[in-house]
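Student: here is a sequence with its predicted model. Questions after.
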Amino acid sequence: MFWRIACLLLFVGLAGLAGAVPESTLMIDLTDPTPKNTEGLSTATIVGVVHDAESGEPIPGARVGLGDFGQFPSADLEALQARRYVGDQETDEGGQFSFTWIPFAEHSLFVTHPGYVRQEVTVFPTMDSPRAELQIALKKGARIDVSVVYQDGQPAQGDLMIRLEGLDGQTMLPADRQQHFFFLATEVWPAIATEGIYSYEGLPAGRYLAEAIEVGHNYARYHGRSEKVHVNLGEERTLTVRAMDNDTSVTAHIERDTYSQYQVPRFVLIARDPGLLVWDMETLYPPNDPRVGRLMLKSLITAQVDLGESYHFANFPSGTYAVFWGPSFRPNGGKLRLAPGDDKTIELGWEPPQGSAKVDPTRLVRKVSLDARTYTAEELAQLMTETTDDRPVIAVDPAIALEKVEMSAGPMTVFDVIESLCFKKNWRIREQGRNTLIILPAE
C-alpha cells in the first residue's frame, strides 16, 4: 500500500498537465521544428545570473524553468521544448543561465534552489530588444521541521503522510520539480515519511499548519494536527503533530463500474472542502485534466483501490467532507458528514459519464480580487470571466443571477470562487459548448 500512496503522490505532481481545450486556444505552430517567430525573423535570447539576495553571491545549481506548461494545455511537452516555449536549466558555477533561440513572446521564468523562496519573473523580448539580461535575487526561505509523535510524546512509527499547509494563500512547489510545471504549485506540500520526521525548506513567510495521516493496506488513519505557526524568511521552526482521538470510522465499499474489464487504476480520496463536489459534472475528463488534478492536490489522502474492495477511513475529525472515487477520467463524488462516535459503512456506486469535457479550465487558477461585501451571482460571474480573459466564460443561469452572496476580502482563484459560491448556495456547474461554464440552481 505504501508504494501505492507514493505512486499517487507522483501522479498528483503530474496531474493537470493537459486538458481538453478548443483547437484555437493554442496559437503556436508546433509542427515546424525550426525555432523562429511568427514573422519568420530572428529569435530572442534570455540570459541572467541568479544570486543570493543578502550576500550577492552567485547561486550555482539553481533550477530555472522557462515557460509555464499550464499555458499550453493542448500541446505536448516535447514539442514545446523543441520550439523553445518551455525549457529547464541549472545555473553554472557563476550562477549564470542562458536560453537561446527563444520566440518573440511573453515568457515566464521560475527560479528555485533548495532553501530559497521560489522567484517568478516575466520577460517579453521583442525585435527591437531581442536580448534580455536579468539579475534574479533569491531570498532564503523559512524552514519547518515536522515531528509526529504519539500522545505520550514518543516518535510515531510506520508509513505517514505529512501535509504542510500554507494558511495565508502562499503556494509551494518543491525545488526538485520541473519549474515549467509551475501551475502545480499549491497551498499544500504533501510528503511521505517513515520515521515521523520531515523537513520543509525554502518556504515563503506566513502561517502554516501540519497534519499527519497513517497509511496502510486499504486504510488511512488520521493521526493529528499541529498548532498554527507563523514563520518569517530565514527563520527555522519545529511543528509537533501529536496523536489525537477523534473516535470516527468509515468503511467505504467500492462497487464495480462499466470499465471493470480495463486495467485502469481506481482511486478513492477524501477532502475537507465539500465545494470540490462541484466538479462531479457527470462528464468524461481527458487524461490529466486540471480539475482531477485539483481534487487530488486538495485531498487529505488519495489512494489507489481495487474494485470490489473496501477502504477504511479511521479517526478523521468531525466535519463535512467530499469523497471521490472511481477511475480518474470519471470521478464520482459524494458528501460525508462525520460526528464523534460515528461508525459508518458507505457504498460508493458509480455512474457512467454523460458526454466528454470540452472546456479548458487552465485559467481557473488565476486570482480574482474581491472586497468584503455582498455580490450578486452575476457580478461574480463577470469578475471571473474578466480574470480568465473570456477563456472560459463563466455564466450564470438567469434564475439565480441576482441571488446575493457574502464574500470575504482578498484574492481567490476562480476555482475557489466557483467552489465557494456553489457550496454556499448548493448550486452546480455544467459545461455549455466549448468555452462556457454555467452556474445552475440546485436540481
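Tutor: Perfect, thanks for sending it.

Student: can you tell me how far Val241 is from Leu233?
Tutor: In this view, Val241 and Leu233 are 24 Å apart by C-beta to C-beta, to the nearest Å. Where you see a C-beta, it was placed from the backbone N, CA and C, and this is true even at glycine.

Student: neighbour count for these two, which is higher?
Tutor: The neighbour count for Val241 versus Leu233, taken as other C-beta atoms under 10 Å, is higher for Val241 (24 against 16).

Student: which strands and helices lie in contact with the one helix or strand that one maps to?
Tutor: Element membership for Val241 (DSSP states H and E) is strand 236-242. Packing partners of strand 236-242 (3 or more C-beta pairs under 8 Å, 6 or more residues apart in numbering; DSSP states H and E): strand 142-149, strand 206-216, strand 219-225, strand 229-231.

Student: helices or strands up against the longest one?
Tutor: Counting contacts by 3+ C-beta pairs under 8 Å, 6+ apart, strand 206-216 packs against helix 2-14, strand 142-149, strand 160-166, strand 219-225, strand 229-231, strand 236-242, strand 299-305.

Student: now stretch 308-327 - C-alpha only, CSV.
Tutor: Presented in CSV, the C-alpha positions along stretch 308-327 are these (Å, rounded to 0.1, in the frame of the first residue of the first chain):
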residue,chain,number,x,y,z
GLY,A,308,-14.9,-4.7,-5.0
GLU,A,309,-12.6,-3.9,-2.1
SER,A,310,-13.3,-1.7,0.9
TYR,A,311,-11.3,1.3,2.1
HIS,A,312,-11.2,2.3,5.7
PHE,A,313,-11.0,5.9,6.9
ALA,A,314,-10.3,6.0,10.7
ASN,A,315,-10.2,8.7,13.3
PHE,A,316,-10.9,11.6,10.9
PRO,A,317,-12.1,14.8,12.7
SER,A,318,-15.8,15.6,12.8
GLY,A,319,-17.0,17.8,9.9
THR,A,320,-18.2,17.7,6.3
TYR,A,321,-16.0,16.1,3.7
ALA,A,322,-16.0,15.5,-0.1
VAL,A,323,-15.3,11.9,-1.1
PHE,A,324,-14.4,11.0,-4.7
TRP,A,325,-13.9,7.5,-6.2
GLY,A,326,-13.6,5.7,-9.5
PRO,A,327,-11.2,6.0,-12.5
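
Student: show me the strands in the stretch 51-200 of the chain, by range?
Tutor: For the stretch 51-200 of the chain, the strands defined by DSSP state E, counting those that start in this stretch occupy 63-66, 87-90, 96-102, 107-112, 119-123, 131-138, 142-149, 160-166, 188-193, 197-203.

Student: export those strands to JSON lines and tack on mean pLDDT, mean neighbour count and distance to Thr248?
Tutor: JSON lines is the format used below for those (pLDDT from 0 to 100; neighbours: other C-beta atoms under 10 Å; distance: least, C-beta to C-beta, whole Å):
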{"stretch": "strand 63-66", "mean pLDDT": "86", "mean neighbour count": "24", "distance to Thr248": "42"}
{"stretch": "strand 87-90", "mean pLDDT": "83", "mean neighbour count": "16", "distance to Thr248": "44"}
{"stretch": "strand 96-102", "mean pLDDT": "87", "mean neighbour count": "18", "distance to Thr248": "51"}
{"stretch": "strand 107-112", "mean pLDDT": "85", "mean neighbour count": "23", "distance to Thr248": "39"}
{"stretch": "strand 119-123", "mean pLDDT": "87", "mean neighbour count": "15", "distance to Thr248": "41"}
{"stretch": "strand 131-138", "mean pLDDT": "92", "mean neighbour count": "15", "distance to Thr248": "44"}
{"stretch": "strand 142-149", "mean pLDDT": "96", "mean neighbour count": "21", "distance to Thr248": "20"}
{"stretch": "strand 160-166", "mean pLDDT": "93", "mean neighbour count": "22", "distance to Thr248": "18"}
{"stretch": "strand 188-193", "mean pLDDT": "86", "mean neighbour count": "18", "distance to Thr248": "22"}
{"stretch": "strand 197-203", "mean pLDDT": "92", "mean neighbour count": "19", "distance to Thr248": "25"}
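
Student: fine, thanks again, bye for now.
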